[in-house]
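Asks: Turn this into a model:
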Amino acid sequence: MTIVRIIGNAPTAADGMDPKFKGVYLGVNSAPLLFKARGMRCDHLWIQDWRFIDEKGHMFKEAGVDLNDSHLYVCSYFRRALVPYRQVSFVRSLGRDGFSLHPDRGVFEGYSAAYGALQLALGWKPTRVELYGVDFSYSLGANRFYQTRVGWDLDLHVHEKQIIGMQKAKKLIEDKLGIEVAFMTDSLVNTLIPIDT
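Replies: Residues are numbered from 1 along each chain as shown. Predicted coordinates:
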């Protein structure tokens with residue numbers, strides 16, 4: 001029985017970090033900062049936002065995080081920027097709208113890096129996927145764990161699409177593959193009225 005834990009970037013992300021956990025950890029974007037602070041290693045890292053390689057990369061260096069310690073999964077159009085890293089798997093981007101049950105064929109980016117990570121998690125053929133720190137609480141004034149102010153304006157503009165996309169993805173995975181998908185922290189995916197598909 002394999003459990004994949006996706007560690008997002010909301011302040012609640014650390015709730016899912018347990019050194020005794022025996023499943024697969026899949027961090028998203030800045031998650032290695034949390035792992036480092038807890039003396040843990042982020043074995044697998046999905047970076048969908050190029051800024052974490054380019055302009056935000058300084059956060060990793062300042063915290064003493066070496067991305068060579070993680071196996072990176074990135075969209076194929078990042079190729080040039082990632083030449084220095086040892087363990088990189090390039091994942092085909094299938095565009096924005098849709099959801100792939102076969103990450104070996106590519107993933108859809110949706111409107112959130114956690115959306116791509118959820119598709120990537122299916123590659124481990126888990127029985128359960130747990131998401132921590134994937135709260136989508138920007139509209140409630142929350143920030144990411146590494147920020148002192150509310151995040152990127154684009155998140156506020158696509159907030160509804162992020163939540164609805166995750167609700168649809170959860171239902172699709174559970175109905176088609178029989179894999180349980182659980183948003184473990186106080187995510188708006190759980191608390192908003194479920195959508196009809």
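Asks: Spatially central, which residue of the protein would that be?
Replies: Nearest to the geometric centre of the chain sits residue 114, at 3.1 Å (CA atoms, centre = their mean).
Asks: measure it to residue 69 for me?
Replies: 21 Å (CB to CB, to the nearest Å). Every residue, glycine included, has its C-beta placed from N, CA and C.
Asks: got it, and residue 41?
Replies: Counting by CB to CB - residue 41 and residue 69 are separated by 6 Å.
Asks: Check residue 52 too.
Replies: Taken as CB to CB, the span from residue 52 to residue 69 is 15 Å.
Asks: Pick out whichever of these two has more residues nearby.
Replies: Ranked by neighbour count (other CB atoms under 10 Å), residue 52 and residue 69 place residue 52 first, with 22 against 15.
Asks: what pLDDT, on average, does the longest helix anywhere in the chain get?
Replies: Counting by DSSP state H, the longest helix found in the chain is helix 159-177. For helix 159-177, mean pLDDT rounds to 90.
Asks: Run the angle between the strand or helix carrying residue 118 and helix 159-177 for me.
Replies: Applying DSSP states H and E as the criterion places residue 118 in helix 113-121. Helix 113-121 runs at 10 degrees relative to helix 159-177, counting by axes from the mean of the first three to the mean of the last three CA atoms, to 10 degrees.
Asks: Show residues contacting helix 113-121.
Replies: Here helix 113-121 makes contact (CB atoms under 8 Å, 6 or more residues apart in numbering) with 4, 6, 8-9, 24, 26, 28-29, 46-49, 73, 75, 91, 99-101, 103, 107-110, 129, 131, 134, 162, 165-166, 169, 173, 181.
Asks: C-terminal to the longest helix of the chain, what's the next element?
Replies: Following helix 159-177 toward the C-terminus (DSSP H and E): strand 180-183.
Asks: Check what contacts that next one and list those residues.
Replies: 118, 127-131, 134, 166, 169-170, 173-174, 189-190.
Asks: Once you drop chain neighbours, what's closest to the residue nearest to the centre of the chain?
Replies: residue 134 (4.4 Å; CB to CB, 6 or more residues apart in numbering).
Asks: list the contacts for that neighbour?
Replies: Listed by CB under 8 Å, 6+ apart, the contact set of residue 134 reads 6, 8, 10, 28, 112, 114, 166, 183, 185, 187, 189.
Asks: Tell me the one of the residues you listed nearest residue 84?
Replies: The nearest member of the contacts of residue 134 to residue 84, counting by CB to CB, is residue 28 at 20.9 Å.
Asks: contacting residues for the closest one?
Replies: Neighbours of residue 28 in contact, by CB under 8 Å, 6+ apart: 6, 7, 8, 9, 45, 46, 47, 48, 113, 114, 117, 134.
Asks: ok, the second one - how many residues close by?
Replies: Read that as residue 7. 31.
Asks: ok, what's across the strand from it?
Replies: residue 27, residue 132 (DSSP bridges).
Asks: And it, how far from residue 172?
Replies: 22 Å.
Asks: Please apply the same query to the fifth one.
Replies: Counting by CB to CB, the separation of residue 45 from residue 172 is 24 Å.
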